[in-house]
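Peer 1: Dropping the sequence and predicted coords here.
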Amino acid sequence: MNRAAESSQVLPGNVLSKRDTGQPPSPGPCWSSSFQPDSPCHIPVTRPLLCAAEQATACQAPQRQVSHLFPGAAMEKSYTSMFLLLIAISSALAKDMGKKETKETTTKPKLPQTLSRGWGDQLVWTQTYEEALFRAKHSNKPLMIIHHLEDCPHSQALKKVFAEHKEIQKLAEKFILLNLVYETTDKNLSPDGQYVPRILFVDPSLTVRADITGRYSNRLYAYEPSDISLLYSNMQKALKLLKTEL
């Protein structure tokens, strides 16, 4: 083989220059004369390589991107502070809720004001006049009937004093209790007229105790808040007379 043929032969790993001089060109700073498959920035020999400085930049760029996506110690410290703050807030809220639940459980529950209408939530009240008469007769207890209206200021004033009077609330447990916001068809419950507030007593023989009255001659069965002591006395009188008649 002649020299021209030898010089035109492409040797593996070398690059021909534009003018075949018979010698491979000297490798420059951005060219490679050999194939390096193990290089982390490997580029085929037919393409120009980056210079040493640019090569270092290309290798480090992904690391800077990772550093940007995942902040360092400062960002981790910020996340830790936020996490601890959330824990502190959650703990404070939990303690506050615990105190409220404890307060609610220790408070004595009140019965629904369905039948009492505020005259004594802890007392047992009957629903109708017929039921009250039946229970009075079969339990041999006197019946106490309170006529009132929700929009009557006198009724509301008497109700407040009646419900807050501990001795009356205790004594009322010995009665069959009924409070009405309407009039019944029994005329015996309005011997001197229909007005409110009006309180009458009925003995177990189903007789209205018209003899147990208040202090007002024009409204015999009316009571004002200042008459609460007289009402308590009349309740005791109803119980005593019941025992005497038996």
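Peer 2: Arrived safely, thanks for sending.

Peer 1: Could you list the residues in contact with whichever strand or helix holds residue 233?
Peer 2: Using DSSP states H and E, residue 233 falls within helix 228-245. Helix 228-245 is contacted by residues 142, 144, 158, 161-162, 165, 167-168, 171-172, 174-175, 199, 201, 203-205, 209, 212-215, 223 when judged by Cβ atoms under 8 Å, 6 or more residues apart in numbering. Where you see a C-beta, it was placed from the backbone N, CA and C, and this is true even at glycine.

Peer 1: can you check stretch 164-177 too?
Peer 2: Counting by Cβ under 8 Å, 6+ apart, 119-120, 122-126, 132, 135-136, 139, 141-144, 146, 162-163, 228, 231-232, 235-236, 238-239 sit against stretch 164-177.

Peer 1: Would you list the buried entries among these?
Peer 2: Using 16 or more other Cβ atoms under 10 Å as the burial test, the contacts of stretch 164-177 include 119-120, 123, 125-126, 132, 135-136, 141-144, 146, 162-163, 228, 231-232, 235, 238-239 as buried.

Peer 1: Strands of this structure, residue ranges please.
Peer 2: With DSSP state E as the criterion, the chain has strands at 143-147, 176-180, 198-202.

Peer 1: what about this structure, any weak spots by pLDDT?
Peer 2: Confidence mapping of the chain against pLDDT under 70 gives the ranges 1-77, 98-113, 241-246.

Peer 1: Give me the domain ranges for it.
Peer 2: 3-69, 129-245 (automatic domain parsing).

Peer 1: quick one, what contacts residue 225?
Peer 2: Residue 225 neighbours (Cβ under 8 Å, 6+ apart): 157, 158, 160, 161.

Peer 1: Which residue, other than its chain neighbours, is closest to the last one?
Peer 2: Same thing as residue 161. residue 225 (4.4 Å; Cβ to Cβ, 6 or more residues apart in numbering).

Peer 1: ok, the one you found to residue 171 distance?
Peer 2: The gap separating residue 225 from residue 171 is 18 Å, by Cβ to Cβ, to the nearest Å.

Peer 1: since we're on residue 240, how many residues are nearby?
Peer 2: By the criterion of other Cβ atoms under 10 Å, residue 240 has 10 neighbours.

Peer 1: before we move on, what about residue 180?
Peer 2: Residue 180 is flanked by 18 other residues according to other Cβ under 10 Å.

Peer 1: for the one 4 residues further on, same thing?
Peer 2: Other residues near residue 184 number 15, with proximity taken as other Cβ under 10 Å.

Peer 1: That one against residue 129, yeah?
Peer 2: Yes. Under the criterion of Cβ atoms under 8 Å, residue 184 makes contact with residue 129 at 4.9 Å.

Peer 1: any idea how far the nearest residue to residue 124 once chain neighbours are set aside lies from residue 131?
Peer 2: In space, and not counting its chain neighbours, residue 124 is closest to residue 177: 6.8 Å by Cβ to Cβ, 6+ apart. Residue 177 sits 11 Å away from residue 131, going by Cβ to Cβ.
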